[in-house]
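A.B. asks: need coordinates for the below:
(chains A and B)
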There are 2 protein chains.
Amino acid sequence: MDLEAASTPQADHRAEQRRRILSAAVLCFSREGFHGTSMQQICTEAGMSPGALYRYFPSKEAIIGAIVEGERAEKGQMFEELERAPSLIDALTEKLAEMLSPEADPCAKLGPEIMAEAIRNPRLRSALEPVEEETRAMLRTALVRAAGRGEIDARLDPDDLVVLLQVIGDGLVLHHLLHPDWDLTGRLPAFSALVRRMVAPRDMDPDRP
Amino acid sequence: MDLEAASTPQADHRAEQRRRILSAAVLCFSREGFHGTSMQQICTEAGMSPGALYRYFPSKEAIIGAIVEGERAEKGQMFEELERAPSLIDALTEKLAEMLSPEADPCAKLGPEIMAEAIRNPRLRSALEPVEEETRAMLRTALVRAAGRGEIDARLDPDDLVVLLQVIGDGLVLHHLLHPDWDLTGRLPAFSALVRRMVAPRDMDPDRP
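C.D. replies: Numbering: from 1, shown residues only, chains lettered A, B, ... in the order given. Just a heads-up that it's a prediction; the model follows:
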């Protein structure tokens, strides 16, 4: 018997079940909030028994951890793209536009919910922290490179910039969800120009490479 | 009988009961989240019967509305102070430092929770919107005045700046609560200098009045 071939459908089944649970959980969390969603509701939404669900995830924190982990690979690829982009500010603006678009991954909309819950929930905070730390480290590297090629004023502290850019990104996603009638996407070029004023080397035309 | 004098203790009692409910609610919301808190839990925390509580507030949204309304008078006073301040950026930085300090009003810490819930809850959003709109209008007026006296580049769109400054303020409060070990208060002077670079008129020393 070919063990490898035999194990593949089983692994596929497990991966498919995990995906099913995670999609159900994202739906429930965005409807009822993390705190307002029970494991039972996720079972119902996924059409699974509690026994089956607990075989994959022991807790809601583990589910959020898996959602965040799923975005990790995507973020890694995003930062590879950012490194190849001629302008970091333009590339970050483009990524934000994608996150604010109606076609955005529904996980992106869970950000404010996850963060509000993480304030109260140290277990969830611990699950998020390694991924957040990795993102900050990648953004820091990209900022140092952009300073090296003259897009960013090399005298600015990259750690201050990492925090401030993350704050602006998270804040924009939050206000976009809070005010669906505001056209934040339309304002993105203006915000991008303001950030460029903030970080571009002084005594230099910010539009010149 | 002096009706006015007779009515005062009753009004005092009502005001005192309202305060008691609101403090209990702020405690419950920051512990369990808005969605995870029931009216019954607020009753228990306030040491009141449901009948007594519903005489003051018909719903959790009404309670949040009252919490936000309570901050309205305070915000009005804050903007009066901002108008008298010689520098808007310095004055806003000082207000942020107050909000991030351990002695801050516990209501200030509810911001991310209230916003995450408002994304899902249109009734809550409607309760918040007039107060938020008033805050934005006051900030806009302060920005236009600061542009008039040369602190802010008059060619920048004040509506873009209102949104971006609000996004930065909300984002900083969020990350301060999310990362209690980060010294964001220590970074405030750096963030303030970055915002000044962003908004100060070009070809002008930002440290000169």
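A.B. asks: rest of the way, CA atoms for contacts and neighbours
C.D. replies: Fine.
A.B. asks: domains of chain A?
C.D. replies: Domains of chain A are assigned by the TED database as A:9-58, A:60-199.
A.B. asks: who wins for proximity to chain B among those domains?
C.D. replies: domain A:60-199 (4.1 Å; CA to the nearest CA).
A.B. asks: follow-up on the earlier one: make JSON lines out of the domains of chain A and add mean neighbour count.
C.D. replies: Shown next, in JSON lines, are these (neighbours: other CA atoms under 10 Å in any protein chain shown):
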{"stretch": "domain A:9-58", "mean neighbour count": "16"}
{"stretch": "domain A:60-199", "mean neighbour count": "17"}
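A.B. asks: mind putting these into CSV with distance to chain B and mean pLDDT?
C.D. replies: Output for these, formatted as CSV (distance: least, CA to the nearest CA, whole Å; pLDDT from 0 to 100):
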stretch, distance to chain B, mean pLDDT
domain A:9-58, 6, 90
domain A:60-199, 4, 89
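A.B. asks: what is the helix ranked longest in chain A packed up against?
C.D. replies: Secondary structure of chain A per DSSP state H: the longest helix is helix A:3-36. Counting contacts by 3 or more CA pairs under 8 Å, 6 or more residues apart in numbering or on different chains; DSSP states H and E, helix A:3-36 packs against helix A:39-46, helix A:60-84, helix A:111-120, helix B:3-36, helix B:111-120.
A.B. asks: now the longest one against helix A:111-120, angle please.
C.D. replies: This points to helix B:3-36. 100 degrees (axes from the mean of the first three to the mean of the last three CA atoms, to 10 degrees).
A.B. asks: between helix B:3-36 and helix B:60-84, how many degrees?
C.D. replies: Using the same axes, to 10 degrees: helix B:3-36 against helix B:60-84 is 110 degrees.
A.B. asks: how about the shortest one?
C.D. replies: Comparing the axes of helix A:39-46 and helix B:60-84 via the same axes, to 10 degrees yields an angle of 100 degrees.
A.B. asks: just the third one next, same as before
C.D. replies: Direction vectors for helix A:111-120 and helix B:60-84, defined by the same axes, to 10 degrees, enclose an angle of 90 degrees.
A.B. asks: any chance you could list what contacts helix A:111-120?
C.D. replies: Applying CA atoms under 8 Å, 6 or more residues apart in numbering or on different chains, the contact partners of helix A:111-120 are A:29-30, A:33-35, A:64, A:124-125, A:170, A:173-174, B:30-33, B:112-113, B:116-117, B:174, B:177-178.
A.B. asks: which residue packs closest to residue A:41, ignoring adjacent ones?
C.D. replies: residue A:28 (7.4 Å; CA to CA, 6 or more residues apart in numbering or on different chains).
A.B. asks: same thing with residue A:123?
C.D. replies: Residue A:123 sits nearest to residue A:61 (CA to CA, 6+ apart), 7.0 Å away.
A.B. asks: how about the contacts made by that neighbour?
C.D. replies: Here residue A:61 is in contact with A:123-124, A:127 (CA under 8 Å, 6+ apart).
A.B. asks: how about these in TSV, adding secondary structure?
C.D. replies: Formatted as TSV, the contacts of residue A:61 follow (DSSP: H, G, I helix; E, B strand; the rest coil):
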residue	secondary structure
A:123	helix
A:124	helix
A:127	helix
